[in-house]
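Undergrad: Have a look; sequence and predicted model below, questions after that.
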Amino acid sequence: MKRLQRAVILAELADRMRKHGSWCGETHLQKAVYFLQELLKVPLEYGYILYKHGPFSFDLRDEITELRAYELFRLEPRPIPYGPSLAPTQNAEDLKTRFTKTLNDYREHLVFVAEALGNKGVADLERLATALYVTIEAKNGGNKARADRIHSLKPHVTLESALEAVKEVDEMRETAKKLVSEPA
Amino acid sequence: MLKKNLHEIRDPIHVFVRLDSTERKVLDSRPFQRLRHIHQLGMTYLLYPGATHRRFEHSLGVMELASRVFDVVTRPDALTDEIRNLLPEIADEDKRRYWRRVLRMAALCHDLGHLPFSHAAEKELLPEGWDHEKLTRELICGRELQDIWDEATPPLRNGDLVKLAVGPEKAADLIFTPGESVLAEIIVGDAFGVDRMDYLLRDSHHTGVAYGRFDHYRLIDTLRILTAPPSDTSEPDRSGSREPALGVEEGGLQSAEALLLARYFMYSQVYLHPVRRIYDIHLRDFLREWLSNGVFPTDLEGHLAWTDNEIGAALSKSSGDSSQKGHEHSRRIVSHEHFKRLYVPSGDDLKINPEAGLAVFSCVKHDFGSEKVRYDQYAEKGQVYEFPVLTQENRSVSSTSISQVLGSMPLASVDCVFVDRKLLTKAKSWLAEHKASIIRLEAETP
């Protein structure tokens, strides 16, 4: 996917997440893009590793900074003690009008992720994204084994909540199958 | 007579850098001595004549600052019980001593893999899948340095050294514990990495550009390992992530702001200076023609054989002989006949097309010939504005929630089309006539 196509996908995702109540800080965007790419197979081509709050992409971090430099995103500081939000600018809105085909191709994928994750905070996103990460890593391992793996990677996530996250991710995978199998 | 175990080296930035005898062995090794011949800022000395400093002294400075930071942030009174529990690496004195030593060695070695002239065009000048961090990693695990790690007391694990020297981004195949992530952050971190602190101070000193200075004494004294502040209002009980990170006490916030402003100013004034950038591009073009297969070798002996000295001699020879490979490019560098700036997109142009620079480049190349035009585009990387701040009430809060400066910190970038200076006037008239149609961004076709 080309750079400007990725930019409009990120802007549209951020818009939709915010409409569902997302705080839309960098961590929220990181995890939502992870689902978009790994679960919905939108070919954004960001490399992810297990790092801050679960799956994390340095490529995406750099791209967000670049989009800010090009005034397609802006930083919105929040009151003490919270982290900032990221918001697409009017320039990004204008850019979207030139890329209606790309947005149409992935509209349902964006809707799915925004609806599923837009109302979640960082703690939930960390659990769910790490659950998807270990599911991909384990290639459909059992619930208990995946929950154990989450707990070993992120000791602050209890086994009980890891198990819940695994089940929730399995449900999302089941629902997402229809979108993934349809050609974009 | 007792054998000397502490060695002191004078340094213009840190006054003295002190090494023990094991560190001295690294200093005396071939991979490290090679850094005496790698300019820290490439060919920036063509613009800023004082910028002739090398990776050698920078690496020493990074080691010095790394242990200063380590000593401050692991001081018993600077650690909460929660942080101590999260970081087994500093839980007892033996472990603390081991990791302090690993940190210093990793800092010393973090730049070993740099190409001649610290060249940034690694994608084009190294085979696919290689970058200077991978070369650094190979050197740390290579025979010559491995012998030093094995002989140390206690022996140092090369995997630990690699993690701290290149960080999680470039060692994506390795799993980092939270403690290892924080220790790597001390060297390569976006906000408070000592690699950055040293190069800003050192580059500022040698270029004579005062913008890079900041109060690093105050900053280092106020650094702390803190748990992440809440990212959103869904974490009232803080049951979510408690990952530790480098942060700063509220009293050091202004010095942190000064560091990040210094970074912005140095990027704007030095690192992204258009003449410095075009010299780098001419050098890349020269190397691609002149090197065998167009790339540097990646075997360790091959890597160690190439420094600025060999490339400088080749540039000189090639520039004076039109039959030599890369002659046109080397002549431009040696005769200071670099390409000139033709186009930098304005804010209005970018509103029309965020890739206006690329669009202009493609058209100029088509009409004037690919050998006569070059394009440079780079925007700041990383994320420097957000880190935890420890308030006077002992709360960890987001830096952007407490600092107006960080919330509106500008970002440095470059987006520039260069053209052969002989064609500049003609190309400018041509561009004035065609720019509007060139930068128009067509809508995607369904």
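TA: Done, it's in.
Undergrad: show me what contacts the spatially closest residue to residue B:421 that is not a sequence neighbour?
TA: Spatial nearest neighbour of residue B:421, chain neighbours left out: residue B:340 (4.7 Å); criterion: Cβ to Cβ, 6 or more residues apart in numbering or on different chains. Every residue, glycine included, has its C-beta placed from N, CA and C. Contacts for residue B:340 (Cβ atoms under 8 Å, 6 or more residues apart in numbering or on different chains) come out as B:418, B:419, B:421, B:424.
Undergrad: who does residue B:340 bridge with?
TA: Beta-bridge partners recorded for residue B:340 (DSSP bridges): residue B:419.
Undergrad: what does the helix or strand where residue A:7 lies contact?
TA: With secondary structure defined by DSSP states H and E, residue A:7 is part of helix A:3-19. Contacts to helix A:3-19, defined as Cβ under 8 Å, 6+ apart, come from residues A:1, A:24, A:28-29, A:32-33, A:36, A:42, A:44, A:63-64, A:67, A:72-73, A:85-88, A:92-93, A:95-96, A:98-99, A:102-103, A:106, A:110-111, A:113-114, A:117-118, B:354-355.
Undergrad: Flag the shaky bits of the chain, pLDDT-wise.
TA: Unless you meant another one, I'm taking chain A. A:140, A:181-184 (pLDDT under 70).
Undergrad: look at chain B instead
TA: Judged by pLDDT under 70, chain B has its weakly predicted residues at B:1-2, B:235-241.
Undergrad: Spell out the residue ranges of the strands in it.
TA: Under the criterion DSSP state E, chain B contains strands at B:6-11, B:15-20, B:223-227, B:244-249, B:340-343, B:373-379, B:388-390, B:396-398, B:413-419.
Undergrad: Pairing partners for the fourth one, with directions?
TA: Sheet partners assigned to strand B:244-249 using DSSP bridges are listed as strand B:223-227 (antiparallel), strand B:388-390 (parallel).
Undergrad: With mean neighbour count and distance to residue B:328 as extra columns, can I get those in TSV?
TA: Below are the strands paired with strand B:244-249 laid out as TSV (neighbours: other Cβ atoms under 10 Å in any protein chain shown; distance: least, Cβ to Cβ, whole Å):
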stretch	mean neighbour count	distance to residue B:328
strand B:223-227	23	49
strand B:388-390	25	52
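Undergrad: got a markdown table for these, with distance to residue B:41 too?
TA: Listed next are the strands paired with strand B:244-249 as a markdown table, based on distance: least, Cβ to Cβ, whole Å:
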| stretch | distance to residue B:41 |
| --- | --- |
| strand B:223-227 | 26 |
| strand B:388-390 | 32 |
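Undergrad: Next one: the nearest residue to residue B:316 once chain neighbours are set aside from residue B:326, what distance?
TA: Once flanking residues are discounted, residue B:316 sits nearest to residue B:334: 6.5 Å by Cβ to Cβ, 6+ apart. Distance, residue B:334 to residue B:326, by Cβ to Cβ, to the nearest Å: 11 Å.
Undergrad: more crowded one of these two?
TA: Between residue B:334 and residue B:326, counted using other Cβ atoms under 10 Å in any protein chain shown, the more crowded position is residue B:326 (21 against 17).
Undergrad: who are the neighbours in contact with the more buried one?
TA: Shown in contact with residue B:326 (Cβ under 8 Å, 6+ apart): B:285, B:286, B:287, B:288, B:289, B:290, B:318.
Undergrad: ok, back up a step: got a PyMOL select line for the buried ones in the contacts of helix A:3-19?
TA: The PyMOL command for the buried members of the contacts of helix A:3-19 (criterion: 16 or more other Cβ atoms under 10 Å in any protein chain shown) is given here:
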select buried, (chain A and resi 24+28+29+32+33+36+42+44+63+64+67+72+73+85+86+88+92+95+96+99+102+103+106+110+113+114+117+118) or (chain B and resi 354+355)
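Undergrad: who's in contact with the residue nearest to residue B:316?
TA: By Cβ under 8 Å, 6+ apart, the contact list for residue B:334 reads B:315, B:316, B:319, B:320.
Undergrad: of these, closest to chain A?
TA: The closest of the contacts of residue B:334 to chain A turns out to be residue B:315 (Cβ to the nearest Cβ; 31.7 Å).
Undergrad: Run a quick neighbour tally on that closest one.
TA: Counted with other Cβ under 10 Å, residue B:315 comes out at 25.
Undergrad: Can you tell me, leaving aside adjacent residues, what's nearest to residue A:115?
TA: In space, residue A:115 is closest to residue A:20, 6.4 Å off (Cβ to Cβ, 6+ apart).
Undergrad: can I assume that neighbour is in contact with residue A:112?
TA: No: under the criterion of Cβ atoms under 8 Å, residue A:20 is not in contact with residue A:112, lying 11.5 Å apart.
Undergrad: hmm, back to that, among the contacts of residue B:340, which ones are buried?
TA: For the contacts of residue B:340, buried by 16+ other Cβ under 10 Å: B:418, B:419.
Undergrad: Among the contacts of residue B:340, pick out the one closest to chain A, please.
TA: Comparing those against chain A with Cβ to the nearest Cβ places residue B:418 closest, at 20.0 Å.
Undergrad: Got phi/psi on the nearest residue to the closest one once chain neighbours are set aside?
TA: Nearest non-adjacent residue to residue B:418, counting by Cβ to Cβ, 6+ apart: residue B:339, 3.8 Å away. When read as degrees, to the nearest 10, the backbone of residue B:339 gives phi -60, psi 160.
Undergrad: what sits against residue B:139?
TA: Neighbour list for residue B:139: B:31, B:109, B:112, B:113, B:145, B:300, B:303 [criterion: Cβ under 8 Å, 6+ apart].
Undergrad: Would you map the strands across chain A?
TA: In chain A, the segments counted as strands under DSSP E are A:49-51, A:54-56, A:73-76, A:85-88.
Undergrad: Indicate which one of the ones you listed is closest to chain B.
TA: strand A:49-51 (4.4 Å).
Undergrad: ok, the closest one: who's next to it in the sheet?
TA: By DSSP bridges, strand A:49-51 pairs with strand A:54-56 (antiparallel).
Undergrad: can you list the residues that contact the partner strand?
TA: By Cβ under 8 Å, 6+ apart, the list of residues contacting strand A:54-56 from outside reads A:30-31, A:34, A:38, A:48-50, A:125-127, A:129-130, A:132-133, A:154.
Undergrad: in chain A, which helix has the most residues?
TA: Scanning chain A for the helix with the most residues, using DSSP state H, yields helix A:159-181.
Undergrad: Now the spatially most distant residue from the centre of chain A: phi and psi?
TA: For chain A, the largest distance from the centre (Cα atoms, centre = their mean) belongs to residue A:80, which lies 25.1 Å off. Here is the backbone geometry of residue A:80 (degrees, to the nearest 10): phi -60, psi 130.
Undergrad: ok, and the closest non-adjacent residue to it?
TA: Spatial nearest neighbour of residue A:80, chain neighbours left out: residue B:401 (4.4 Å); criterion: Cβ to Cβ, 6+ apart.
Undergrad: give the contact list for the one you found.
TA: By Cβ under 8 Å, 6+ apart, the contact set of residue B:401 is A:77, A:78, A:79, A:80, A:81, A:82, A:83, A:84, B:229.
Undergrad: Might one say that residue B:338 is in contact with residue B:275?
TA: Yes: when contacts are counted by Cβ under 8 Å, residue B:338 is listed as touching residue B:275 (6.5 Å).
Undergrad: Which of the two has more residues huddled nearby?
TA: The neighbour comparison of residue B:338 against residue B:275 (other Cβ under 10 Å) goes to residue B:338, with 20 against 17.
Undergrad: measure the more buried one to chain A for me?
TA: Counting by Cβ to the nearest Cβ, to the nearest Å, the gap from residue B:338 to chain A is 25 Å.
Undergrad: how near is that residue to residue B:444?
TA: Residue B:338 sits 37 Å away from residue B:444, going by Cβ to Cβ.
Undergrad: now swap in residue B:361 and tell me
TA: The value you get for residue B:361 to residue B:444, if Cβ to Cβ is used, is 21 Å.
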